[in-house]
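S.K.: Need the 3D shape of this:
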Amino acid sequence: MRTHLTLGRLLGVPIGINWGVVAVCALLFWSLAFVSLPNVAPSHPTSAYWFAGVVGVITFMVSLVGHELGHSYVAQRNDVRVVEITLWLFGGVAKLEGEADDPGAEFRIAAAGPLASGVIAAVSAGAAALVSRLDGNRVLYGLLVWLAAINVVLAVSNLLPAFPLDGGRMLRSYLWRRRGRKGPATRIAAMIGQVLAVGLVVAGLVLGFRMSWWTGAWTAALGLFLFAAARAEWSAAQARPELLEETVERISRPLPEPLGPSSSVADLERALRHDPRAPFVPLVDDRGEISSVLVRESIRRVQPANRAQVPVRSLAMPLVGLPRVDPTETVAHVVDQMGRGSDWWAVVVVDGSLTSVLCSEDVESLLELATP
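M.R.: Numbers count the residues shown, from 1 in each chain. So this is what the prediction gives:
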């Protein structure tokens, strides 16, 4: 059962809305039309408040999309594909296909959302100041001030160092860079997220009893959600030593179809474009046997204008130069043989035939999950 409705696409990214947002929109409309705007701009027709309330809710949803598009734009610039943006109960979520490969990229992706909200807040505040200076409509002025304030709240709340909020991801990227490993950094950031979430729940209860039940309930609900999310991330990041018993066959990458001896560099480029995870393409020699491979980096040696004429055999790397592993070997055994911290490939051979390739980065990713 789908939990959200797809609204369309923006900059190539699907935009969806969770059904729970309908309740939030109704509450925001009521708060704007019946409380905030009448206090800022009294003695206006009820229809003006209602219309401004609808506009305010729509612009807030647009602000949430802007926040997530900030993440999405920077993610795509760092080679992380954005699957979808979904607006939901407490804001928005940009669903990414995988995560950043280095802490710097993760920091940039996480910081882009609050920065986008800050820009929206500044533009709204500037527009409100202009309306006030020109002695414009007070309802419009109140709406712009509210939009600026709620985007400031959105930016600041997301900067809390509580994983998986943006601030928590920025904290994780810092710990990741300091410690050199993503797994432990995730566990620490998620633990801090749980502690801050409990603090939000307590703060919400205090606010509810002493100041405003509305603010208190909202803060406590946010804390409860954050605790659940941080707890889930912490559990997922726990060490799983049983993964070291995974076999090579389970984590090796399939290879593209071999190229023939008369193929050009342009053919190699097309093959690798079709299979972006493949580190190389096998090459069949004149005897019909795979005796060499064509690595992705070799394409750069040939100018684009000449790639259709240059034969790939001039760029081939002998297959015998690569280490071999058996598909039934465990990851633990491969690590003992190959070591950690180096960049390597090992071809997987079954009955003398090349079937797939084991990449050190995939082994390191699994070790990250397996070891504390």
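S.K.: And the helices in the chain?
M.R.: Assigned by DSSP state H, the chain shows helices spanning 21-31, 37-40, 46-77, 103-133, 138-158, 166-179, 182-210, 213-236, 248-251, 265-274, 331-338, 360-370.
S.K.: Export the ones you listed to a markdown table and append columns for distance to A308.
M.R.: Where you see a C-beta, it was placed from the backbone N, CA and C, and this is true even at glycine. Below are these laid out as a markdown table (distance: least, CB to CB, whole Å):
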| stretch | distance to A308 |
| --- | --- |
| helix 21-31 | 52 |
| helix 37-40 | 65 |
| helix 46-77 | 29 |
| helix 103-133 | 34 |
| helix 138-158 | 49 |
| helix 166-179 | 42 |
| helix 182-210 | 41 |
| helix 213-236 | 47 |
| helix 248-251 | 35 |
| helix 265-274 | 4 |
| helix 331-338 | 37 |
| helix 360-370 | 31 |
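S.K.: right, and those helices - which one's nearest V13?
M.R.: Ranking the helices of the chain by proximity to V13 (CB to CB) places helix 46-77 first, at 5.4 Å.
S.K.: Show me what counts as buried in the closest one.
M.R.: 48-49, 52-53, 56-57, 59-61, 63-76 (16 or more other CB atoms under 10 Å).
S.K.: what about the closest residue in space to L165 that isn't next to it in sequence, distance to Q76?
M.R.: In this structure, L165 finds its nearest non-sequential neighbour in N158, 5.4 Å apart by CB to CB, 6 or more residues apart in numbering. Separation of N158 from Q76 (CB to CB, to the nearest Å): 20 Å.
S.K.: Check L367 too.
M.R.: The value you get for L367 to Q76, if CB to CB is used, is 28 Å.
S.K.: ok, A128 - contacts?
M.R.: When the contact criterion is CB atoms under 8 Å, 6 or more residues apart in numbering, the partners of A128 are 141, 144-145, 148.
S.K.: Count residues in the vicinity of the spatially closest residue to N151 that is not a sequence neighbour, would you?
M.R.: Closest residue to N151 apart from its sequence neighbours, by CB to CB, 6+ apart: A121 at 3.8 Å. Residues near A121, counting by other CB atoms under 10 Å, number 21.
S.K.: With that, I have no additional questions.
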